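how would this look folded up:
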Amino acid sequence: MVLPDPSISTLSRWFRTSFRVRYQESDQMGVVYHANYLNWFEIGRTEMIRELGFTYRGMEAEGVLLPVVDLDIKYRQPARYDDLVTVFTRMTAFSPLRIHYEYEVRLLSEQEQAGLELNEESSQADLPGVLLTNGSTRHVWLNQEWKPARLDKCAPKLYHALKDTLLGRKE
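Down below sits the predicted model:
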């Protein structure tokens, strides 16, 4: 018998975090080294979870781990030393056993940064700035023994916060 997939597959609102490219993240030409974008994706995920009122440290204290199992990334234009970049992050699928994220790293002017107002209706076309890199990651929820864990059982408050965000409900 095939059971229906309980995952929710829709797009959440965009979450964002901004920072300046540090010297150590660039090469001799002043261009960001490609692997740094993976760190920036992690910053986007971490800050999204924080905005929902949780932390990765708290998740781990509850016995929940969230390793990356798949990654896709496309480089469009380079970021450079001292650029003001914004990482946009949103969920694209979610279930008690897995979560998928989408990211866009964009170069924003100071004016775009100051006037940035995102709401739940923001779509990809609405994102300001120049697209530098986009990608996605897929993750699975695990316990401390690296066995699959149901988030709704291990961390129900986090599960409901993520589910409500994906469904467009207020946190």
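
Sketch out the low-pLDDT regions of this protein for me.
Where the chain drops to pLDDT under 70, the residues are 1-9, 117-125, 169-171.

longest single helix anywhere in this protein?
Once the chain is assigned using DSSP state H, the helix that runs over the most residues is helix 36-51.

Pull the CA coordinates from the following helix or strand past that one and hand them back as PDB.
As assigned by DSSP states H and E, the chain's next helix or strand after helix 36-51 is helix 56-61. Presented in PDB, the C-alpha positions along helix 56-61 are these (Å, rounded to 0.1, in the frame of the first residue of the first chain):
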ATOM      1  CA  TYR A  56      19.900  25.800  16.000                       C
ATOM      2  CA  ARG A  57      21.500  25.400  19.400                       C
ATOM      3  CA  GLY A  58      18.100  25.000  20.900                       C
ATOM      4  CA  MET A  59      17.100  22.500  18.200                       C
ATOM      5  CA  GLU A  60      20.200  20.400  19.000                       C
ATOM      6  CA  ALA A  61      19.600  20.700  22.700                       C
END
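
Do a quick rundown of the helices in this protein.
If DSSP H is used as the criterion, the helices of the chain fall at 36-51, 56-61, 110-114, 151-154, 156-166.

Now stretch 128-140 - C-alpha only, PDB.
As requested, C-alpha coordinates have been extracted for stretch 128-140 and formatted as PDB (Å, rounded to 0.1, in the frame of the first residue of the first chain):
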ATOM      1  CA  PRO A 128      15.100  43.800  -5.400                       C
ATOM      2  CA  GLY A 129      18.700  44.000  -6.500                       C
ATOM      3  CA  VAL A 130      20.900  42.100  -8.800                       C
ATOM      4  CA  LEU A 131      20.800  38.200  -8.600                       C
ATOM      5  CA  LEU A 132      24.300  36.900  -7.900                       C
ATOM      6  CA  THR A 133      23.700  33.300  -6.900                       C
ATOM      7  CA  ASN A 134      20.600  31.100  -6.400                       C
ATOM      8  CA  GLY A 135      20.300  27.600  -5.100                       C
ATOM      9  CA  SER A 136      18.500  25.100  -2.900                       C
ATOM     10  CA  THR A 137      19.200  22.600  -0.200                       C
ATOM     11  CA  ARG A 138      17.400  19.600   1.100                       C
ATOM     12  CA  HIS A 139      17.600  18.400   4.600                       C
ATOM     13  CA  VAL A 140      16.400  15.500   6.800                       C
END
